[in-house]
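Sequence and computational prediction follow.
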Amino acid sequence: MPYDSNLDNQVFTKSFETDKGSRITVSVYSYNNGPLKLQLTRENRDEEGNYKFGKLGRLTKSEIQDILPLINEALTHM
């Protein structure tokens, strides 16, 4: 069965902008009324200032400290 965006239910989402112009988003989703799952994404700014999806990869200590409150808040929705 292929992915169907109509079955994806976003329960929670909050973002944090880093000093380097990227944005890290913490979200909680349920797909097709399944278990709630945490999702972390990174978006980077392009030359025009628009955000584009980027690989999350490794996090700095500072980034972890900044998104940890968002993760803890997301846990209250799970």
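Sure thing, it's come through. In this text, all values refer to a predicted model and were calculated from it rather than measured experimentally. Numbering: from 1, shown residues only.

switch to C-alpha atoms for all contacts and neighbour counts from now on
Noted.

Looking at strand pairing, list the partners for Leu36.
Ser30 (DSSP bridges).

Isn't it up against Tyr29?
Yes - shown here, Leu36 and Tyr29 form a contact pair, counting by CA atoms under 8 Å, at 5.6 Å.

Which one's more surrounded, the two?
With other CA atoms under 10 Å as the criterion, Leu36 and Tyr29 differ in neighbour count, and Tyr29 comes out ahead with 20 against 16.

Tell me the spacing between the more buried one and His77.
Counting by CA to CA, to the nearest Å, the separation of Tyr29 from His77 is 10 Å.

Ok, Glu43 next?
Relative to His77, Glu43 is positioned 23 Å away (CA to CA).

More neighbours: which of these two?
Neighbour totals were compared for Glu43 and His77, and Glu43 leads with 18 against 12 (other CA under 10 Å).

what's the helix or strand for the residue nearest to that one when sequence neighbours are not counted?
With CA to CA, 6 or more residues apart in numbering as the measure, Phe53 is the residue that lies nearest to Glu43, at 4.4 Å, once sequence neighbours are left out. Using DSSP states H and E, Phe53 sits in strand 51-54.

Packing partners of that strand?
Strand 51-54 is packed against strand 36-45, with contacts defined by 3 or more CA pairs under 8 Å, 6 or more residues apart in numbering; DSSP states H and E.

which of the residues in the strand it packs on are buried?
Along strand 36-45, the positions that meet the burial threshold by neighbour count (16 or more other CA atoms under 10 Å) are 36, 38, 42-44.

for the residues you listed, which one is nearest Ile67?
Using CA to CA, the shortest approach to Ile67 within those belongs to Arg42, at 11.6 Å.

I'd assumed Tyr51 was in contact with the closest one.
No - with contact defined as CA under 8 Å, Arg42 and Tyr51 do not form a contacting pair (9.4 Å).

what touches both of the two?
With CA atoms under 8 Å, 6 or more residues apart in numbering applied, the overlap between the contact sets of Arg42 and Tyr51 consists of Ser22.

Next, the contact list for the closest residue to Gln10 other than its chain neighbours, please.
Excluding the flanking residues, the one nearest Gln10 by CA to CA, 6+ apart is Tyr29, at 4.6 Å. Residues in contact with Tyr29, defined by CA under 8 Å, 6+ apart, are 8-12, 36-39.
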